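Trainee: Next come a sequence and a model predicted from it.
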Amino acid sequence: MSKKDAIYSVPKSTIGDFSFDEAVVDVFPDMIKRSVPGYSTIIDNIGLIAQKYALPNTNLYDLGCSLGEASIVMRRKVSQDGCKIIAVDNSPAMIEKCERHLHAFRSNVPVEAVCSDITKISLENASVVVLNFTLQFIEPELRRALIESIYAALKPGGVLVLSEKIRHPNQVGDELLVTLHHEFKRNNGYSELEISQKRSALENVMRIDTLEQHDARLKQAGFTDIVPWFSCFNFSSIVAVK
């Protein structure tokens, strides 16, 4: 059973940048459940999307895999012969715990957990690529190249699942989405102090885009069918088909 997230529950004299260190890994399931509306729905449907689009003898990538939830649900759903899942994260603490989670579930689909920077790895022979709340932590100037490398690695008919926290292009609308999200967190037991301190910690490490920016970047890479399939407050998920 995961521990309760109380990382920002006491006042901090200085708030450092948010990082996926051992403290965060220890409470991550609770943190993500109480912070991201619809997270379990997104995870469940990543499995269904992979089931539909996985091609025999191809790779399925979970980039920024954290504890491997997307990888686990893909392993459960994918039945095509010769598929392999490659789960990648740059946090050693995440990968260590991810490997334990993956080994706890038996499957005929092999999975490899890799500790690496997703902007520097070589992608190949892919039918499904998952970026589940990952791109928002990549330096903005590196995002286009990453999306282009994913497009190049995908087989025709392959898909990218891109889930992100998004920014509304107009201030009034953006403030509404932020207000609704903060109320969601309050309803899940986070205090005003926790909400404020975590927002400060994320300020320099999570630079979010608008849906229009994501759409333009995907089209520039070559994706022609871009399907926004999930949206709740300022959280969205897109399937982009090659």
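Mentor: Ah, there it is.

Trainee: From the centroid of the chain, which residue is nearest?
Mentor: Nearest to the geometric centre of the chain sits residue 132, at 1.9 Å (C-alpha atoms, centre = their mean).

Trainee: Report the strands that pair with the strand ranked longest in the chain, each with its relative direction.
Mentor: What stands out as the longest strand in the chain, according to DSSP state E, is strand 154-165. The strands beside strand 154-165 in its sheet (DSSP bridges) come out as strand 126-132 (parallel), strand 235-241 (antiparallel).

Trainee: isn't the residue nearest to the centre of the chain right up against residue 160?
Mentor: No: with contacts counted by C-beta atoms under 8 Å, residue 132 stays clear of residue 160, the gap being 10.9 Å. For the C-beta atoms, the positions are set from N, CA and C on the backbone; glycine is no exception.

Trainee: could you pull out the helices for the protein?
Mentor: With helices called from DSSP state H, the chain shows them at 22-35, 39-53, 69-77, 92-103, 140-153, 171-187, 192-202, 211-221.

Trainee: The first one packs against which elements?
Mentor: Pointing back at helix 22-35 there. In terms of contacts (3 or more C-beta pairs under 8 Å, 6 or more residues apart in numbering; DSSP states H and E), helix 22-35 is packed against helix 39-53, helix 92-103.

Trainee: Which of the ones you listed comes out lowest on mean pLDDT?
Mentor: The stretch with the lowest mean pLDDT among the helices and strands packed on helix 22-35 is helix 92-103, at a mean of 93.

Trainee: And for the spatially closest residue to residue 57 that is not a sequence neighbour, the neighbour number?
Mentor: Leaving aside its chain neighbours, residue 57 sits nearest to residue 82 (3.6 Å; criterion: C-beta to C-beta, 6 or more residues apart in numbering). Other residues near residue 82 come to 12 when the count uses other C-beta atoms under 10 Å.

Trainee: which residues touch residue 82?
Mentor: Contact partners of residue 82, counting by C-beta atoms under 8 Å, 6 or more residues apart in numbering, are 56, 57, 58.

Trainee: What subset of these is buried?
Mentor: Burial by neighbour count, judged by 16 or more other C-beta atoms under 10 Å, picks out residue 58 from these.

Trainee: Next, format the contacts of residue 82 as JSON lines and append pLDDT and distance to residue 196.
Mentor: Listed next are the contacts of residue 82 as JSON lines, based on pLDDT from 0 to 100; distance: C-beta to C-beta, whole Å:
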{"residue": "56", "pLDDT": "98", "distance to residue 196": "50"}
{"residue": "57", "pLDDT": "98", "distance to residue 196": "50"}
{"residue": "58", "pLDDT": "98", "distance to residue 196": "45"}
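
Trainee: In JSON lines, list the contacts of residue 82 along with distance to residue 109.
Mentor: Below are the contacts of residue 82 laid out as JSON lines (distance: C-beta to C-beta, whole Å):
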{"residue": "56", "distance to residue 109": "12"}
{"residue": "57", "distance to residue 109": "12"}
{"residue": "58", "distance to residue 109": "11"}
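
Trainee: Which of the contacts of residue 82 sits closest to residue 18?
Mentor: Residue 18 has its nearest neighbour among the contacts of residue 82 in residue 58, at 34.0 Å by C-beta to C-beta.
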